[in-house]
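In: Fold the stuff below for me.
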Amino acid sequence: LFFLPFHSRMENLIPVISKLQDVFQTAGERETFKLPQIVVVGSQSCGKSSVLENIVGRDFLPRGTGIVTRVPLLINLKCVSPNQQDKRVKAEEWATFRHQPTKVYENFENVKKEIVRRTEEITGKNKGVSDEEIVLTIYSPYVVNLTMVDLPGMTKVPVGDQPKDIEQQIRRLVLSYITNPNSVILAVSAATNDIANSESLHIAKEIDPHGERTLAVLTKLDLMDKGTSALELLSGQGGINVKLGIVGVVNRGQQDIINNVPIRDALQHEKNFFKVHYAPVSHHCGTAYLSRILNVILLDRIREALPSLRKRIKKKQLETMLNLERLGEPLGSSTEKGLRILASLTSFADSFNFSISGGATYGAQNLPQGLPLDAGAQLFKIFSHDFGRLLKSMDALSGLTRDSIIREIRNTVGPRPVLFVPDRAFESLVKKQIHRLEAPSVECVQKVYEKLKRILRQCLNAQDVDRFPALKDRTLRVASKFVDDCVPEAVAMVKNLIAIELAYINTDHPRFEGLSSLQEATSTTQTSSEALNELLDTIEDEDEVDDFSVIEDDITSTSVKNGKGQSGLSAFFSFTKQSQSPPSSTISSTRPKSPKPSKRQLAESSVNQDNKEMQIRIVENLISSYFGIVRQTIQDAIPKTITHFLVNKLQKDLSKHLVGSLYQQDLFDSLLAEDPEIDRQRVESKQLLESMDKAVAIISEIDDTADF
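Out: Residues are numbered from 1 along each chain as shown. Modelled structure (predicted):
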């Protein structure tokens, strides 16, 4: 009688979870939706299989040496009353497998054989393990509603033909189940071994260190050595940190199994054993108590997980619907194909226009997700930040030296002396500097061209055309070719703007500072000429006085020395003659000396140097002034030119060009040829949507307002 379940509104939750498990397993979404379930973990020969058979009340699990359970066995226990009995069966208890949905098993020996057959079908005849589940549902009036997963027993050493990494394989499989935060870990340990070395408790502690969702089960209490007892452990005083408790059970022995002792008789023996040997804790020991406490724990887990589970199912349903909408339905008639191509091309062109103009930021409707909404800002950055700053950083006199300026002035005047800076020298030099603006201007065109092609790719990737790879590829190629064709015209116009500036040097420009430079030059020149004349006059006066004084002194000394008193003119010529015919001894003893520059020559040289400096300064001022005017003009004109010949032309004519190139009936079939992968995704999405619809219907069976 202790198998008869207590009926409550919560009992309906476990069958609901079992149905959801079937749905998610079929849809391949078991890992996506972590459903509450009881995971049975234990080492080999710890009595794990016997515990499960006691809970079910039937002998249905394969037995043998080594690893018998090599795949996860998901066991759904469903309590049914006689009036709920399946019309296909006559027995009180029966079982079904998910992989054989129409077959009913009334003989549990056949259930055992089918588990062995299906295991070998999944893993082969070797001793390896697999994560593919076998799902078994058992209907009985003597069970409580439960969902349990029996996992392969953990082992340390490979035996026989077991794989060398069998320990790691089983460990990975166990971890994949117990890491589910909604699972309850049923850690089975044999009381005949030291509990501190329990493999099941050790791996449970790794994942659940505080024991919040771990329930320990002690088996083989009847086989413990005489004089030993597990009473302290069962009383919760053994230092085992499991919040869900420790339950002791007594299973059938090997001899009982050989003698086919009924499980119900074994359960009665278990009940008597605890009354005799563990009377203080007998009320929370035994299989009957374990079944009920597992039922309660599982219901609590389901109740806690239900709100989140409901939200995730509906979210997945919506995502699947949107994915199916994105994948679309296969196109049939030529009219449908034409409309699809036309809509795709128009949407692509509109998306590009919105991205450039910034219209998408105004909340425009029906625009694809993932559009580059900052496309216009990116172009502005090229114009203002990259191109504008580059031009502003260009030095008007870069590449010009003082010698090159003087050389240019000399070359343009020929043999004539230079009065002022000639126009031809200024024009020649300023044109060289203006020509330097061409390279960054053409580079600006190239940058905008590359940015536009990148924006086109981004806009196309945002379109719903992945299912038509040929249409996507041809659309991008046609759009890119259209941009390519626009570039030469834009480059030519940019070069023409530079050529226009080179063609005519407008020295009459109101911002050109040429007049003030010339006025300054004239003033400086006049001042220098006046200073030169005054200096030369002063030098001439000083030279005359000095020269006559020397002559007069020389004549006087000569007359005294010769003892002759000659008068002025004869004395002058006499002195001149003597000075022109010095004594031979004097000539032979005197070396010729290099002529020293006179004061006049030094003065003239100084003034000429000042004139050169003045000419260089005038040229530099003129070039700087005019280059700044042209630079400002180019900085303003280039963005306008590029916008007109590239950006605006694309916005205006892209749609028309695409339609003219691709909207041709003989291209419809080839452009709309679907990728086989898209068709596969569509089929899978439809199946998944059906599963999610079923899941929503199943979970709706639970009254949202029920007070659990």
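In: C-terminal to the helix or strand harbouring Ala288, what's the next element?
Out: Ala288 belongs to helix 287-327 when elements are defined using DSSP states H and E. Sequence-wise, the next helix or strand downstream of helix 287-327 (DSSP H and E) is helix 334-357.
In: How about the secondary structure of the closest residue to Val56 other than its chain neighbours?
Out: Nearest residue to Val56, sequence neighbours excluded (Cβ to Cβ, 6 or more residues apart in numbering): Ile138, at 5.9 Å. For the C-beta atoms, the positions are set from N, CA and C on the backbone; glycine is no exception. Classification of Ile138 using DSSP: H, G, I helix; E, B strand; the rest coil returns strand.
In: if I look at Ile138, how far off is Val111?
Out: 8 Å (Cβ to Cβ, to the nearest Å).
In: re earlier: mind listing what the residue nearest to Val56 touches?
Out: Contacts for Ile138 (Cβ atoms under 8 Å, 6 or more residues apart in numbering) come out as Val56, Arg58, Phe60, Ile75, Asn76, Leu77, Lys78, Glu93, Trp94, Ala95.
In: For Leu35, state which of these is nearest.
Out: Asn76 (11.6 Å; Cβ to Cβ).
In: confidence score at the closest one?
Out: At Asn76, the model reports a pLDDT of 90.
In: and if you look at Leu437?
Out: 92.
In: got the angle for the strand or helix carrying Phe482 vs helix 334-357?
Out: With elements taken from DSSP H and E, the one containing Phe482 is helix 469-503. Angle, helix 469-503 to helix 334-357, by axes from the mean of the first three to the mean of the last three Cα atoms, to 10 degrees: 40 degrees.
In: From the contact counts, what lies against helix 469-503?
Out: Contact here means 3 or more Cβ pairs under 8 Å, 6 or more residues apart in numbering; DSSP states H and E; on that basis helix 469-503 packs against helix 334-357, helix 423-435, helix 438-461, helix 599-642, helix 648-662, helix 668-671.
In: export those helices to JSON lines and tack on distance to Ile500 and mean neighbour count?
Out: Below are the helices and strands packed on helix 469-503 laid out as JSON lines (distance: least, Cβ to Cβ, whole Å; neighbours: other Cβ atoms under 10 Å):
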{"stretch": "helix 334-357", "distance to Ile500": "28", "mean neighbour count": "19"}
{"stretch": "helix 423-435", "distance to Ile500": "10", "mean neighbour count": "18"}
{"stretch": "helix 438-461", "distance to Ile500": "12", "mean neighbour count": "18"}
{"stretch": "helix 599-642", "distance to Ile500": "9", "mean neighbour count": "17"}
{"stretch": "helix 648-662", "distance to Ile500": "21", "mean neighbour count": "17"}
{"stretch": "helix 668-671", "distance to Ile500": "45", "mean neighbour count": "16"}
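In: Of those, give the one that comes closest to Asp150.
Out: When the helices and strands packed on helix 469-503 are compared (using Cβ to Cβ), the closest one is helix 438-461, at 48.2 Å.
In: Which residues does the closest one contact?
Out: Contacts for helix 438-461 (Cβ under 8 Å, 6+ apart): 348, 351-352, 355-356, 370-372, 375, 378-379, 382-383, 386-387, 390-391, 394, 472, 475-476, 479-480, 483, 487, 490-491, 494-495, 497-498, 634, 638-639, 642, 646-647, 650.
In: Try it again at 7 Å.
Out: For helix 438-461, contacts defined as Cβ atoms under 7 Å, 6 or more residues apart in numbering pick out 348, 351-352, 355, 370-372, 375, 378-379, 382, 386-387, 390-391, 472, 475-476, 479-480, 483, 487, 490-491, 494-495, 498, 634, 638, 642, 646, 650.
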